[in-house]
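**Q** sequence and predicted model, in that order:
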Amino acid sequence: MKKKNKGILIFVLLLVVGILAIGSAFAFFAYVREGDIINVITIQGLDVQIISGKDSINLDNAYPISDEDGLEGIPLVFQVTNHSNKTISYTVKIDSDTEKLKNCTLEDGTACLPLSITNLRFSHHLDDEDNYSEPMTLSEEGVVAETITISPGDTKEHSLLLWISSKSGNDIMGHYFFGKLILEGNAIS
């Protein structure tokens, strides 16, 4: 009898150890974690790096302000470096981050209301320009700067200010804007 109990005990222990080994191996290989902040993105030889200012393009708890006050804000500063062997022409855009808005909920559990992109004003400064651009209303296309040419090995530093237009009414209060920085470019032959 004792031999039979020892055999069953050894079998059960081996079974438990086997299950634990398979479970921990599965947990080890199945674990995936997405980073919270992306600081450098490289695409086709262009590096985009956030340098300073806000770590994202968000207008939460913001309210309508004048262009003069908007120009006094803290800019999002980013650099674009061309590591390819071709001259590249690119456009800088801001687009609504619908995924972030979809995941936004208020304390009472209701969904955040979107702020129309046409309520936004912006000004852009490129390191080789003297001043910020004239403040403009962001269009549905979200274009901030068009046709910037960068040679191989060069770096361009951008500063971007974004605020809610003073012409927006009180009906926009409690609305949220989450934006994505987009660079669209083409290599120049």
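**A** Structure received.
**Q** run a quick neighbour tally on residue 97.
**A** The local packing of residue 97 (other Cβ atoms under 10 Å) involves 18 other residues. Using the backbone N, CA and C atoms, a C-beta is placed for each residue, glycine as well.
**Q** so which strand or helix has the residue nearest to it when sequence neighbours are not counted?
**A** Nearest residue to residue 97, sequence neighbours excluded (Cβ to Cβ, 6 or more residues apart in numbering): residue 178, at 4.1 Å. Residue 178 is part of strand 175-188, with elements assigned from DSSP states H and E.
**Q** cool, residue 100 as well?
**A** With DSSP H and E as criterion, residue 100 is part of helix 98-102.
**Q** now do the very next helix or strand once past that helix, average pLDDT.
**A** Per DSSP H and E, the first helix or strand lying C-terminal to helix 98-102 is strand 113-114. The pLDDT scores in strand 113-114 average 88.
**Q** now for strand 113-114, which elements pack on it?
**A** On a contact count with 3 or more Cβ pairs under 8 Å, 6 or more residues apart in numbering; DSSP states H and E, strand 113-114 meets strand 175-188.
**Q** buried stuff in the strand it packs on?
**A** 175-179, 181, 183, 185 (16 or more other Cβ atoms under 10 Å).
**Q** what's the closest of these to residue 58?
**A** Nearest to residue 58 among the buried residues of strand 175-188 is residue 178, at 5.5 Å by Cβ to Cβ.
**Q** how confident was the prediction at the residue nearest the centre of the chain?
**A** Closest residue to the average C-alpha location of the chain: residue 180 at 5.0 Å, with Cα atoms, centre = their mean. With respect to pLDDT, residue 180 scores 86.
**Q** can you map out the helices along this structure?
**A** For the chain, applying DSSP state H gives helices covering 2-30, 67-70, 98-102.
**Q** show me how far the shortest one is from its chain's centre.
**A** It refers to helix 67-70. Put simply, helix 67-70 sits 24 Å off its chain's centre (Cα atoms, centre = their mean, to the nearest Å).
**Q** what comes into contact with that helix?
**A** 121, 123, 135, 161-163, 166 (Cβ atoms under 8 Å, 6 or more residues apart in numbering).
**Q** domain parsing for this structure?
**A** 1-32, 40-188 (automatic domain parsing).
**Q** which residues touch residue 160?
**A** So residue 160 contacts 75-78, 92, 94, 122-125, 144, 181 (Cβ under 8 Å, 6+ apart).
**Q** out of the residues you listed, which are inside strands?
**A** Cross-referencing the contacts of residue 160 against strands under DSSP state E gives 76-78, 92, 94, 122-125, 144, 181.
**Q** any regions of the chain where pLDDT drops low?
**A** Confidence mapping of the chain against pLDDT under 70 gives the ranges 1-9, 11-44, 53-56, 60, 189.
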